[in-house]
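Trainee: Prediction below, plus the sequence it came from.
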Amino acid sequence: MSEFLIAVAAFCTAYYLVNVVQVAMAIKRVLHLPPEKRMKPIDCVQCLSVWFALILYFLPIQVSACLAVSFGAGFISTKIK
């Protein structure tokens, strides 16, 4: 069950950071990079999900639960909106 929670937390966090907050676009503006330049894994939900899952695997399960709840709510709110 904890592996599923880690996967959900990793996806929801990555989705929120890439599509809602758009962290990659902010970094591109600060560094004066062209918008079409890729910044993998920061601008890719699938790539960032893998890295978040790897990090969350080694952290306590409470961290994954907190991220799943907070960013899961953000993910659901963008879909319901």
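Mentor: Received, thanks. Numbering: from 1, shown residues only.
Trainee: Show me what the helix or strand hosting residue 66 is packed against.
Mentor: Using DSSP states H and E, residue 66 sits within helix 61-80. Under the contact criterion of 3 or more C-beta pairs under 8 Å, 6 or more residues apart in numbering; DSSP states H and E, helix 61-80 touches helix 2-15, helix 45-57. C-beta: built from backbone N, CA, C; applies to glycine.
Trainee: Buried deepest among those helices, which one?
Mentor: Across the helices and strands packed on helix 61-80, averaging neighbours per residue (mean count of other C-beta atoms under 10 Å) puts helix 2-15 on top, at a mean of 19.
Trainee: Please name every helix or strand in contact with that helix.
Mentor: helix 45-57, helix 61-80.
Trainee: now the last one, how far from the chain's geometric center?
Mentor: Its chain's C-alpha centre and that of helix 61-80 lie 10 Å apart, by C-alpha atoms, centre = their mean, to the nearest Å.
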